[in-house]
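# sequence? don't have it. structure:
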């Protein structure tokens with residue numbers, strides 16, 4: 001998912017002066033705000049709950065899967081990754097856990113993330129023979145490259161996303177270039193989304209990487225292509241998730257495990273109440289999707305979505321926090 005280099009810290013300090021709040025809080029805490037919608041929403045919820053409920057002084061930093069988790073392992077910052085896609089860089093995550101630099105908190109999304117290469121449902125319906133990636137690669141004419149007539153296009157995410165690394169590896173593994181396809185760097189989340197939306201609105205072919213839960217797949221009916229081969233976990237770790245691996249082999253895309261990741265220095269200083277929250281907080285796909293569709297329709301930010309979630313899903317999040325924290329959070333809304 002997505003990167004701009006870690007930097008540009010935006011202070012959103014929320015301070016509570018009571019002794020009780022300080023005793024149950026976590027002091028200064030840095031949360032990575034990833035630039036895709038589900039992670040943006042989740043990190044915004046964490047910001048409100050930790051800030052308003054536990055008196056933490058919260059800083060949000062822009063991050064992305066690969067550089068952010070790598071920085072957490074190597075430098076101990078940021079303190080919290082609200083949605084850590086651990087299967088996108090398993091070697092680095094294992095290194096961090098083995099060296100006690102990071103620890104895993106709650107399962108962020110109960111159902112996990114479904115990622116892969118997708119095509120529009122209207123293309124799948126018109127061509128029922130296309131069920132797998134190899135099937136699609138036989139038909140570059142159905143997924144035309146707008147800048148190279150006669151070529152097919154596979155749309156990738158921008159640099160820094162874990163799915164971008166994987167898609168580049170699979171493009172090489174399936175020899176998609178020899179099949180007449182070009183791998184397109186869309187440059188940003190908006191670029192990837194826009195390429196799908198533009199093709200869909202014009203009922204044209206589109207082939208590229210995407211994932212759920214997302215509001216975009218709620219709006220546009222897409223079909224995930226099968227890999228044509230089973231999941232090869234050893235290959236996934238050896239090469240598929242390693243940037244610029246020279247000899248990738250085809251493998252299916254496993255269901256992505258999404259966990260809250262915590263830098264060990266932060267976990268050591270945080271109060272038991274804060275750690276209980278970070279070890280308990282878990283979202284259902286349906287709850288996230290509902291808010292994300294609203295965010296998209298209203299051009300709302302993650303902070304807007306967090307407020308809506310906290311107002312509408314009190315039966316969910318109040319189970320994650322202490323009664324005292326719940327009352328403070330409700331009052332802040």
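Looks like it came in fine. Only a predicted model underlies this, so the values are computations on that prediction, with no experimental measurement involved.

# need the helices for the stretch 101-250 of the chain, in chain order.
Here the stretch 101-250 of the chain has its helices, by DSSP state H, counting those that start in this stretch, at 121-126, 133-137, 162-173, 189-201, 215-219, 233-235.

# Would you reformat those as a markdown table and include mean neighbour count?
C-beta coordinates here come from the backbone N, C-alpha and C atoms, glycine included. Converted to a markdown table, the helices of the stretch 101-250 of the chain look like this (neighbours: other Cβ atoms under 10 Å):
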| stretch | mean neighbour count |
| --- | --- |
| helix 121-126 | 15 |
| helix 133-137 | 22 |
| helix 162-173 | 23 |
| helix 189-201 | 17 |
| helix 215-219 | 17 |
| helix 233-235 | 14 |
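
# Looking at these, spot the one closest to residue 251.
Proximity to residue 251 (Cβ to Cβ) singles out helix 233-235 among these, at 4.8 Å.

# just for the stretch 51-200 of the chain, where's the confidence low?
Under the criterion of pLDDT under 70, none of the stretch 51-200 of the chain is flagged as low confidence.

# Looks like residue 174 contacts residue 137 (just checking).
Yes - in this structure, residue 174 is within contact of residue 137 by Cβ atoms under 8 Å, at 6.1 Å.

# how about TSV for the helices of the stretch 101-250 of the chain, with distance to residue 84 added?
TSV is the format used below for the helices of the stretch 101-250 of the chain (distance: least, Cβ to Cβ, whole Å):
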stretch	distance to residue 84
helix 121-126	31
helix 133-137	27
helix 162-173	10
helix 189-201	18
helix 215-219	21
helix 233-235	19
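
# how many other residues sit next to residue 232?
Around residue 232 there are 17 other residues, counting by other Cβ atoms under 10 Å.

# Give me the pLDDT value at it.
On pLDDT, residue 232 comes in at 96.

# Kindly provide the distance from it to residue 52.
45 Å (Cβ to Cβ, to the nearest Å).

# what about stretch 122-135, how long is it end to end?
16 Å (Cα to Cα, to the nearest Å).

# quick one: it to chain centroid distance?
On the basis of Cα atoms, centre = their mean, to the nearest Å, stretch 122-135 sits 27 Å off its chain's mean C-alpha point.

# same check, this time on stretch 180-197
Taking Cα atoms, centre = their mean, the mean C-alpha location of stretch 180-197 is offset from the chain mean by 17 Å.

# and of the helices of the stretch 101-250 of the chain, who's closest to residue 241?
Nearest to residue 241 among the helices of the stretch 101-250 of the chain is helix 162-173; the distance by Cβ to Cβ comes to 6.1 Å.

# Now residue 100: phi and psi?
Dihedral pair for residue 100: phi 60, psi 40, per degrees, to the nearest 10.

# And the closest residue to it other than its chain neighbours, how close does it get to residue 73?
In space, residue 100 comes closest to residue 264 once its chain neighbours are excluded; the distance is 5.6 Å by Cβ to Cβ, 6 or more residues apart in numbering. Distance from residue 264 to residue 73, counting by Cβ to Cβ: 10 Å.
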